[in-house]
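Asker: sequence first, predicted model second:
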Amino acid sequence: FGMYTRQEVDFMYVCQAAECFADGDYRLLSGDYFNECSYQLGTVLMLECVARLVPQIPLERLMQGVNVLISMAGAWMLIVGGELAFRDKRVHSAALAMYLLCLPLAIYCIHVYGTLPMVMLCSAAILCFVLYIRRKQLRFGFMYVLLTALAYVIKPNSAIVLMALLICAVLHGMESGDWRLLGFAVMSVVLAVLLARLMILQYEWRGGVRVRENVSMLSRLVMGLQDGKRGAGWYNAYIEQFFDPAVSTENEKAIATADLLVRLDEMVADPARTAIFFVQKALSQWLEPTYGTLL
């Protein structure tokens, strides 16, 4: 708070958009950023709601404070869920240690973004998932569905949790013969996809624009396998060549596929360097909690 850490790049873009949309100004919807990264509109919608509810308080400062509470709540729910799942008090200490050793989670509150809200919602969903297994109460199943769907709308990275819990639901059904949890898991995936699409549609309706197709996951995969000034596998502006509306989906796929094959050939030709790359990529993601703000 004393240093007044400012938002940069994506964090700044979503804050600016939330404040503009709260004032009825939707011009940013016509720019490249939200056309190529429309999934960011979920975070924008969350922040816009906050900006509309308390317009007198600076959005960045308010959410940095709220993030501290969100972060602690997410950690607490993971700890409680772990104790319920394994019926072991030692899980409390283990989960807390894992949380404190993950530096991004502990310091990420300086960022006004969708990451910590996503983590909290996913933690709450896991807790409800476990509570349903232990108590067989349908309310926990429906809460799990809603929480995972909301997490996905805010930040699609939570698809990892959706898929993980879907697998857990299948295993639970095979073990117990109770397939209702699998039904909830499938429902959570369907609702997540529907809400994410509805979120974009309402912005298209409000802004009077048609949002273009996002940069493909293939292109992002290629970028994530490249070196760059910010570190191994970090953002290096590779995907920006596809921001031009004149670049068709087919052209993007062809370019990205060719670049991927070249990169894989390089990795196969130099296994030692490839191993170093992935070690650097993993450690930099874990140890660099500011994700570019101080970089």
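Answerer: Sure, I can see it. Numbering: from 1, shown residues only.
Asker: drop to CA atoms for contacts and neighbour counts, all remaining ones
Answerer: Noted.
Asker: and residue 134, how far from residue 84?
Answerer: 8 Å (Cα to Cα, to the nearest Å).
Asker: more neighbours: which of those two?
Answerer: residue 84 (17 against 11; other Cα atoms under 10 Å).
Asker: please identify the helix or strand for the more buried one.
Answerer: Under the criterion DSSP states H and E, the helix or strand holding residue 84 is helix 59-86.
Asker: could you point out the helix or strand that follows that helix?
Answerer: helix 90-101.
Asker: what helices and strands are in contact with that next one?
Answerer: Contacting helix 90-101 under the criterion 3 or more Cα pairs under 8 Å, 6 or more residues apart in numbering; DSSP states H and E are the following elements: helix 59-86, helix 103-107.
Asker: look at residue 231 and give its secondary structure.
Answerer: When the structure is reduced to helix, strand and coil (DSSP: H, G, I helix; E, B strand; the rest coil), residue 231 reads as coil.
Asker: what do you get for the one 10 residues further on?
Answerer: Reduced to three states with three-state DSSP, the structure at residue 241 is helix.
Asker: from residue 207, how far out is it?
Answerer: 26 Å.
Asker: the more surrounded of the two?
Answerer: residue 207 (18 against 10).
Asker: what does stretch 255-265 rub up against?
Answerer: By Cα atoms under 8 Å, 6 or more residues apart in numbering, the residues outside stretch 255-265 that reach it are 218, 219, 222, 225, 226.
Asker: so which of the helices and strands packed on helix 90-101 comes closest to residue 120?
Answerer: Among those, helix 59-86 comes nearest to residue 120, with 4.1 Å by Cα to Cα.
Asker: and the closest one, what does it pack against?
Answerer: On the basis of 3+ Cα pairs under 8 Å, 6+ apart, helix 59-86 makes packing contacts with helix 9-22, helix 41-53, helix 90-101, helix 115-135.
Asker: for the helix or strand immediately after the first one in the chain, the distance to its chain's centre please.
Answerer: Moving toward the C-terminus from helix 9-22, the next helix or strand (DSSP H and E) is helix 32-36. Its chain's C-alpha centre and that of helix 32-36 lie 17 Å apart, by Cα atoms, centre = their mean, to the nearest Å.
Asker: number of residues surrounding residue 87?
Answerer: By other Cα under 10 Å, the burial measure for residue 87, its neighbour count, is 10.
Asker: the contacts of stretch 255-265 in helices, which ones?
Answerer: For the contacts of stretch 255-265, membership in helices holds for 218, 219, 222, with DSSP state H as the criterion.
Asker: isn't the first one right up against residue 250?
Answerer: Put plainly, it is residue 218. No - applying Cα atoms under 8 Å, one finds residue 218 not in contact with residue 250, separated by 11.9 Å.
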